[in-house]
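>>> Got a predicted model here, sequence first, then my questions.
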Amino acid sequence: MIDSHHHLWSYSAGEYPWIPPGSPLANDHLLTELEQATASAGVDATVVVQARQVVEESHRLLSLADRSELIAGVVGWVPLVDENVAEPLARLAAHDKFKGVRHVLQDEPDDYFLRDDFHRGLSLLPDLDLRYDLLVYQNQLPASIRLVDRQPDLGIIIDHIAKPRILKGRIDPAWKAGMTELAKRENILGVKISGMVTEVSDPEIDEDTLRAYFEETLRIFGVDRLMFGTDWPVCLLRVDSCQTWTEMFRRFTASLSSDEKAAVGHDNAARIYGL
């Protein structure tokens, strides 16, 4: 299996203000911890994704990837709105493990999605064979559709099935409508089955509801655009281990054919990210 989405960090409250103090996230999560988590979960390769919005984060993740055969790809951060972003972006793209860029759009207002300077930066990615990871909440799907339509040549990957507000026993109709519309865009390369447990609003996680979201995402996007991800260590806010989520994912896919399981568990991530 390929884990298409996880993070690494040396914890400090100043650099990671979004991490709840005293939570399982408020610790170092680096190569040793990654190796332990992936070994228990049966993961063979990973894509590490930025968790800080500084260029140094991208270089640091690449340095960790250089030290680990486990890490097959890096999705980093650059200041896409900066008129001089082309130079640092080209330096990063020269590294064979640098596969994409992400900006934390979930924290931005809707008008940010259509900023001309942001789109100037996005337009540089296709020529460098880089993808863009789209991190949004469900309520930002209309703005996301407008963003995607302005960048038809840019390969885009949706993180965490667009972070619906998950409530037991229901599929949110606005999420379903937005995702159905996004799926019509050919430049939506993939959707990560990740980050779902932390979007559960109920006190307890209902596996049947998460399975229903998986099955709906599969129906909307098809088996060739789904990819497995753990969102480790963030998933530890709601489950006790990377292995727990991975086993849940395997139960979701139990009825798929062997070829379909391989696609969602491994092949799609390798193809979409060019690992």
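Ah, there it is. None of these values were measured; they are calculated from a predicted model.
>>> So for the residue nearest the centre of the chain, what's the pLDDT?
Central residue of the chain (C-alpha atoms, centre = their mean): Asp159, 3.6 Å from the mean position. The model reports Asp159 with a pLDDT of 98.
>>> My read is that it contacts His103, right?
No. Applying C-beta atoms under 8 Å as the test, Asp159 and His103 come out as separate, 11.3 Å apart. Glycine gets a C-beta too; all of them are placed from N, C-alpha and C.
>>> Overlap in contacts, those two.
Leu135 (C-beta atoms under 8 Å, 6 or more residues apart in numbering).
>>> ok so, going back, give the contact list for the residue nearest to the centre of the chain.
Contact analysis of Asp159 by C-beta under 8 Å, 6+ apart lists His5, Val49, Arg102, Asp133, Leu134, Leu135, Val136, Lys192, Ser194, Gly195.
>>> Quickly list what Ile156 is bridged to.
Tyr132, Ile188 (DSSP bridges).
>>> now Val75
Assessed by DSSP bridges, Val75 has beta-bridge partners Val49, Gly100.
>>> Please look at it and Arg102 and confirm they touch.
Yes. With contacts defined as C-beta under 8 Å, Val75 counts as touching Arg102 at a distance of 5.2 Å.
>>> so what sits against both of these two?
Val49, Gln50, Asp133.
>>> Just the buried ones from those, in ChimeraX syntax?
With 16 or more other C-beta atoms under 10 Å as the burial test, the buried ones among these are selected in ChimeraX as follows:
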select :49,50,133
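>>> how about the top helix by length along the chain as PDB, C-alpha atoms only?
With DSSP state H setting the assignment, residue counts place helix 207-221 as the longest helix in the chain. What follows is helix 207-221, C-alpha atoms only, in PDB (Å, rounded to 0.1, in the frame of the first residue of the first chain):
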ATOM      1  CA  GLU A 207     -17.900   3.000  10.700                       C
ATOM      2  CA  ASP A 208     -21.000   2.500   8.600                       C
ATOM      3  CA  THR A 209     -21.200   6.200   8.000                       C
ATOM      4  CA  LEU A 210     -17.600   6.500   7.000                       C
ATOM      5  CA  ARG A 211     -18.100   3.500   4.700                       C
ATOM      6  CA  ALA A 212     -21.100   5.300   3.100                       C
ATOM      7  CA  TYR A 213     -18.900   8.300   2.400                       C
ATOM      8  CA  PHE A 214     -16.200   6.000   0.900                       C
ATOM      9  CA  GLU A 215     -18.800   4.300  -1.300                       C
ATOM     10  CA  GLU A 216     -20.300   7.600  -2.400                       C
ATOM     11  CA  THR A 217     -16.900   8.900  -3.300                       C
ATOM     12  CA  LEU A 218     -16.200   5.700  -5.200                       C
ATOM     13  CA  ARG A 219     -19.500   6.100  -7.100                       C
ATOM     14  CA  ILE A 220     -18.900   9.700  -8.000                       C
ATOM     15  CA  PHE A 221     -15.200   9.500  -9.000                       C
END
